[in-house]
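Asks: Whatever this is, show me its structure:
(one chain, ligands or ions: 1)
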Amino acid sequence: MKLPESQVAVLNAASATDEQTIDRLAEETGLKPETVTQAAFELRDEGYLEVEETEDVEFELTEEGRDYVESGLPEVRLYRAAIEAGADEDPVQMGRVIGSSGLEGPEVDIALANFGRKGYGEIESGELSADSDADAAEDPEALALAALAQDDAVEDEDVLDQLVSRNLVNRREETVRSVLLSEEGVTLLMEGVEAAETVDRLTPEMLTSGEWEDVEFTEYNVEADAPEVRGGKTHILRQTADRVKDVLTGMGFKEMEGPHADADFWINDCLFMPQDHPARTHWDRFALDVPPIRDLPEDLVDRVEDAHRNGVGPDGDGYHSPWSEDFARAVALRGHTTSLSMRYLSGHEVGELDSPQRYFSIEKAYRNDTLDPTHLLEFYQIEGWVMAEDLSVRDLMGTFEEFYSQFGITDLQFKPHYNPYTEPSFELFGRHPETDELIEIGNSGMFREEVLEPLGVDCDVMAWGLALERLLMLMYGFDDIRDVHGTMSDLELLREMEVLR
Ligand SMILES: N[C@@H](Cc1ccccc1)C(=O)O
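Replies: Model prediction:
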């Protein structure tokens, strides 16, 4: 019987009584593990071998983990320094304990975060007290690290999880395959097998010499383990943004661009946002300590000031609140991209616009929000507006329905809302595919006279700001936006994510 060389080698190295791993056989035959795997599967398919697969979980120290095996966990070092400083008797100033602990840079934060969690003591108004009953010598995480460093097993799953989440240990899962000769395999070996030379690719030489007719080709095994290739790929947020761009361009929209850091004038004043509005004085705005913007269109500044002070139209009424040009020229990171809409509608960017017009942007906006699963300090806003005669709320809803249906989202809900710059205004909601909850996905409305008249626009404008991240949540069922956005992203998820087309 003739078999490919690698199969013969594996057969000869395999045993009928002792299971051997692929790695072991690779060592013995001098073949690559992938080659052994392939040969083993082929032999199994012919009934000569049995292949058993088990999942092996391994824990490996990261570089940081290895450092701590040497130097001690930061919180343990902090605790020792605290005891030495007498913090088990009386609270000691935190700076002093840290100073004597030798902890530096990010280690300090790590130490402080874990100190409390492990019950080593408390930190209150800058003072640190240590619990004298705590036993730093028996720190389970430190013991586990030391054990792993010596290749000893650690049983406690909770401790392992903790170490993995602290990035001190990597968890690796691997399929381990072992082989055993079957009875047929043993018989075959006794009857004798010879190695047939096989070739794995056809060459021009073989074709011209006619040798191809006699050679035996290696078969493909599509189940064989292959090294994983992880090339770069466009981030899912960017892919979705590109799709949104395609959809909106397809709907006849042109793209706007403009500065991330802008004069408050464009971000707020043009929008008839009173200067004493809480959102403008509030902490949720990222003010920049840079010189004020000088080149604002003077006549527009005058008209906007007039709208704020005196209102617009015969029955108009302004805020009568103080309006300061300095305030309008101050620079901040835009809290919405409606600043771009103001720049374009005013004619400042591409000249005066004749109705009808449609514009959009997909750009970052910045808000000093509290981070949570649906809020980030920066997010992508899908801004848009349509300028035309006689627009109604139905046009607005119809546009959203058309837009979102391109992403498979058909269950939209509109809720009346208030914006200082639109009337009427609507918040837009969509249903989360996993939790079935309604989540807010955008805000919209028809710009008020007080906004449009100073800009020099004399027909209707409907407008909106939608969150790209929320669209992603509806499309992919994410429940925590931080998994896909920013430095805490779940890389595994981003790598594995299949992109919806
Ligand atoms: N600027 C609003 C969105 C919006 C834009 C235009 C008109 C109405 C609403 C926001 O950030 O929520």
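
Asks: Near the ligand, which residues of this structure? Just list them.
Replies: The interface of the chain toward the ligand, taken as C-beta under 6 Å from any ligand atom, is made up of 336, 338, 419, 422, 443-445, 463-465. (Each C-beta comes from the backbone N, C-alpha and C, glycine too.)

Asks: same thing but 5 Å
Replies: Counting by C-beta under 5 Å from any ligand atom, the residues of the chain close to the ligand are 336, 338, 422, 443-445, 463, 465.

Asks: can you tell me which of the residues you listed lies nearest to His432?
Replies: For His432, the closest of the residues of the chain next to the ligand turns out to be Asn443, at 18.0 Å, with distances computed as C-beta to C-beta.

Asks: Then that closest one would be within a helix, right?
Replies: No: counting by DSSP: H, G, I helix; E, B strand; the rest coil, Asn443 falls outside a helix, being strand.

Asks: Right, and the ligand sits closest to which residue of this protein?
Replies: With C-beta to the nearest ligand atom as the measure, the residue in the chain that lies nearest the ligand is Gly465; the distance is 2.8 Å.

Asks: In which helix or strand does that residue reside?
Replies: Using DSSP states H and E, the element containing Gly465 is strand 460-467.

Asks: what's the next helix or strand after that strand in contact with?
Replies: For strand 460-467, the following helix or strand on the C-terminal side (DSSP H and E) is helix 468-476. Residues outside helix 468-476 that contact it (C-beta atoms under 8 Å, 6 or more residues apart in numbering) are 236-237, 240-241, 244, 362, 374, 376, 379-382, 404, 407-409, 430-433, 439-442, 478-479, 481, 484-485, 497, 500.

Asks: and the residue lying closest to Thr29 once chain neighbours are set aside, what element?
Replies: Setting aside the residues directly before and after it, Thr29 is nearest to Ala9 in space (C-beta to C-beta, 6 or more residues apart in numbering), at 4.2 Å. Assigned by DSSP H and E, Ala9 falls within helix 5-13.

Asks: before we move on, the earlier item: return the list of helices and strands in contact with the strand holding Gly465.
Replies: When contacts are defined as 3 or more C-beta pairs under 8 Å, 6 or more residues apart in numbering; DSSP states H and E, strand 460-467 sits against helix 338-345, strand 378-388, helix 393-405, strand 422-431, strand 438-447.

Asks: thinking again about what came up before, from Glu27, how far out is the residue nearest to Thr29?
Replies: 12 Å (C-beta to C-beta, to the nearest Å).

Asks: Of the two, which one has the most company?
Replies: A count of neighbours by other C-beta atoms under 10 Å puts Ala9 above the other of Ala9 and Glu27, at 20 against 14.

Asks: contacting residues for the more buried one?
Replies: Contacts for Ala9 were tallied using C-beta under 8 Å, 6+ apart; they are 29, 31, 39, 195.

Asks: Tell me the most packed of these, by neighbour count.
Replies: Counting neighbours by other C-beta under 10 Å, Ala39 leads the contacts of Ala9 with 29 neighbours.

Asks: Please tell me I have it right and that one contacts Ala13.
Replies: No: under the contact definition of C-beta atoms under 8 Å, Ala39 does not touch Ala13, with a separation of 10.1 Å.

Asks: How many residues are close by the residue of the chain closest to the ligand?
Replies: Here the count is done by other C-beta under 10 Å, and Gly465 has 21 residues near it.

Asks: So it is in contact with Gln381, correct?
Replies: Yes: with contact taken as C-beta under 8 Å, Gly465 and Gln381 are classed as touching, separated by 4.9 Å.

Asks: Which neighbours do these two have in common?
Replies: Taking C-beta under 8 Å, 6+ apart as the criterion, Gly465 and Gln381 both touch 336-337, 365.

Asks: Secondary structure element holding Thr249?
Replies: Counting by DSSP H and E, the secondary-structure element that holds Thr249 is helix 236-250.

Asks: Sketch out the low-pLDDT regions of this protein for me.
Replies: Low-confidence regions of the chain, defined by pLDDT under 70, span residues 224-225, 282-283, 500-501.

Asks: Domains in it, by residue range?
Replies: Using automatic domain parsing, the domains assigned to the chain come out as 2-59+173-202, 63-165, 238-496.

Asks: Would you convert those domains into CSV that also reports distance to Glu211?
Replies: Rendered in CSV, the data for the domains of the chain read as follows (distance: least, C-beta to C-beta, whole Å):
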stretch, distance to Glu211
domain 2-59+173-202, 9
domain 63-165, 51
domain 238-496, 43
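
Asks: Tell me which of those domains lies nearest to Phe217.
Replies: Phe217 sits nearest to domain 2-59+173-202 of all the domains of the chain, at 6.1 Å, using C-beta to C-beta.

Asks: Report the distance from the closest one to the chain centre.
Replies: Taking C-alpha atoms, centre = their mean, to the nearest Å, the mean C-alpha location of domain 2-59+173-202 is offset from the chain mean by 42 Å.

Asks: Okay, now that domain: how far is its last residue from its first?
Replies: For domain 2-59+173-202, the first and last residues are 21 Å from each other (C-alpha to C-alpha, to the nearest Å).

Asks: Quickly run through the sheet partners of the strand holding Gly465, with directions.
Replies: Looking at strand 460-467 with DSSP bridges, its partner strands are strand 378-388 (antiparallel), strand 438-447 (antiparallel).

Asks: roughly how far out does it sit from the chain middle?
Replies: Centre-to-centre, strand 460-467 and its host chain are 27 Å apart (C-alpha atoms, centre = their mean).

Asks: Please apply the same query to stretch 60-78.
Replies: Averaging C-alpha coordinates over stretch 60-78 and over its chain gives two centres that are 28 Å apart (C-alpha atoms, centre = their mean).

Asks: Stretch 452-470 too?
Replies: Worked out by C-alpha atoms, centre = their mean, stretch 452-470 lies 30 Å from the chain centre.

Asks: tell me which residues in it are buried?
Replies: Neighbour-count burial for stretch 452-470 flags 452-455, 457, 460-470 (criterion: 16 or more other C-beta atoms under 10 Å).

Asks: Thr187: which element?
Replies: Assigned by DSSP H and E, Thr187 belongs to helix 183-191.

Asks: then that helix to CSV, C-alphas only?
Replies: This file holds the C-alpha atoms of helix 183-191, laid out as CSV (Å, rounded to 0.1, in the frame of the first residue of the first chain):
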residue,chain,number,x,y,z
GLU,A,183,-7.1,-1.7,14.4
GLU,A,184,-7.1,-1.1,10.7
GLY,A,185,-4.1,1.1,11.2
VAL,A,186,-2.2,-1.6,13.0
THR,A,187,-3.1,-4.1,10.3
LEU,A,188,-2.0,-1.7,7.7
LEU,A,189,1.4,-1.2,9.3
MET,A,190,1.9,-5.0,9.7
GLU,A,191,1.1,-5.5,6.0
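
Asks: for that helix, packing partners?
Replies: Applying 3+ C-beta pairs under 8 Å, 6+ apart, we find helix 183-191 packed against helix 5-13.

Asks: Repeat the analysis, applying 10 Å as the threshold.
Replies: For helix 183-191, the helices and strands in contact under the criterion 3 or more C-beta pairs under 10 Å, 6 or more residues apart in numbering; DSSP states H and E are helix 5-13, helix 33-45, strand 49-61, strand 169-181.
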